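S.K.: The sequence and its predicted three-dimensional model are supplied below.
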Amino acid sequence: MNNKPLVSLIIPVYNVEAYLRECLDSVINQSYSNLEIIIVNDGSTDGSLSICEEYAAKDERIRVITQKNGGLSRARNTGLDSAKGLYIGFIDSDDKIHRKFVEAFIDVIEKTGCSIAVCDYCVEECKLNCIDDSYIEMVQSEAISGLLDDRGYKCFAWNKIYLRELFVDMEFPEGKIFEDIKLMYDIFNKVSSIAYIKQSMYFYRTRKGSITKRSFSKETYHLLESIDYVIANAESVPNIDYTRLMMGYLSYYIGFVRRGKIANADVSAESRKLNEYIRENRSSVISSKTIRTIKKAELLIFAYTPHIYSGLLKVVAVGK
């Protein structure tokens, strides 16, 4: 393993003491040992820093950087500035990874010569899959076409390994949420092909207080900024499957509108725009293989029977 390239794993930490040990255990017990583990303590006020220091004391590969709270993007950027690995990856501190996560990624990168490898992920209590040699190589247009899919590898930073040099002159947008989406498009747009490991090797935890579970606010509009950026810029990508990308766009957009309506926010303009998009793409929505069935139903109910959709949202709101 000593002749293998150094891989830097960046772990932003902010008030996650309940989950942090499980995350760090999954990282330090990787079958791939040539790791640089950069923990960025982003001003935690609970016991997270003590846990980080405890792990650093027993594993020399771990380096802890402490800074004032600046958000997830700033913490990731701090880690990027400090990373020395040929390859780089991001692990959220309340998540965990398969024991062969890094090994499988480096193997497929070396086999294909790709600068990025991606994998599937699972949510909540599912089991992380065992690893085999199941992967495909995608050209740039195919990989970008799938960035907004309702399933698959999606536009997250954390279920991927990258050649470090891809981040030269690139950084996560600070002060934003849903910060992965725009940057992932820009990173994918810099490479000719991507290796896709069709295995769930990353365990993503949803929890109260996480970015994706925050209540609706003006920051939620950052989502629309990001997906609008992708859908506008992707038109210029040769051989892009624009219909597939649009299906992913609609899937994200309905999530925004749903959250706004449940919060009684004024999303009337966005609702009209979404309604128009769905009607224009009705046949594609129905035939799409990249939108989950339940999401298809939501899109169609929203566009064609809005009174039923509003009634369903009231039931959801009461349930919360």
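M.R.: Good, I have the coordinates.
S.K.: Would you map the strands across this structure?
M.R.: 7-13, 35-42, 62-67, 87-90, 96-97, 116-123, 135-139, 160-163, 193-204 (DSSP state E).
S.K.: Which secondary structure elements does the last one sit against?
M.R.: With contacts defined as 3 or more Cβ pairs under 8 Å, 6 or more residues apart in numbering; DSSP states H and E, the packing partners of strand 193-204 are strand 96-97, helix 101-112, strand 116-123, strand 135-139, helix 140-145. (C-beta placed from N, C-alpha, C; glycine too.)
S.K.: If we use 7 Å, what do you get?
M.R.: strand 96-97, helix 101-112, strand 116-123, strand 135-139 (3 or more Cβ pairs under 7 Å, 6 or more residues apart in numbering; DSSP states H and E).
S.K.: so which of these gets nearest residue 309?
M.R.: Closest approach to residue 309 among the helices and strands packed on strand 193-204 is made by strand 116-123 (24.5 Å; Cβ to Cβ).
S.K.: so how many other residues sit close to residue 8?
M.R.: Counted with other Cβ atoms under 10 Å, the neighbours of residue 8 add up to 22.
S.K.: what's it in contact with, if anything?
M.R.: Listed by Cβ atoms under 7 Å, 6 or more residues apart in numbering, the contact set of residue 8 reads 36, 38, 83-85, 88.
S.K.: try 6 Å this time
M.R.: Listed by Cβ atoms under 6 Å, 6 or more residues apart in numbering, the contact set of residue 8 reads 36, 83, 85, 88.
S.K.: repeat for residue 88
M.R.: 8, 162, 164.
S.K.: Try it again at 8 Å.
M.R.: Applying Cβ atoms under 8 Å, 6 or more residues apart in numbering, we find residue 88 in contact with 7-10, 80, 161-164, 167.
S.K.: Residue 106 now?
M.R.: Counting by Cβ under 8 Å, 6+ apart, residue 106 makes contact with 4-5, 7, 32, 87, 161.
S.K.: Which of those ranks first by neighbour count?
M.R.: In these, the most neighbours by other Cβ under 10 Å go to residue 161, 27 neighbours.
S.K.: so who does that one touch?
M.R.: Residue 161 is in contact with 7, 87-89, 102, 105-106, 109, 116-117, counting by Cβ under 8 Å, 6+ apart.
S.K.: Name the member of those residues with the shortest distance to residue 252.
M.R.: Nearest to residue 252 out of the contacts of residue 161 is residue 116 (Cβ to Cβ; 21.3 Å).
S.K.: What distance do you get for the closest one to residue 174?
M.R.: Going from residue 116 to residue 174 by Cβ to Cβ, to the nearest Å gives 23 Å.
S.K.: next one: residue 80
M.R.: Separation of residue 80 from residue 174 (Cβ to Cβ): 12 Å.
S.K.: Give me the more crowded residue out of those two.
M.R.: It is residue 80, of residue 80 and residue 174, that has more neighbours when counted by other Cβ under 10 Å, with 20 against 14.
S.K.: Give the closest residue to the more buried one in space, chain neighbours not counted.
M.R.: Using Cβ to Cβ, 6 or more residues apart in numbering and skipping the chain neighbours, the partner closest in space to residue 80 is residue 167 (5.6 Å).
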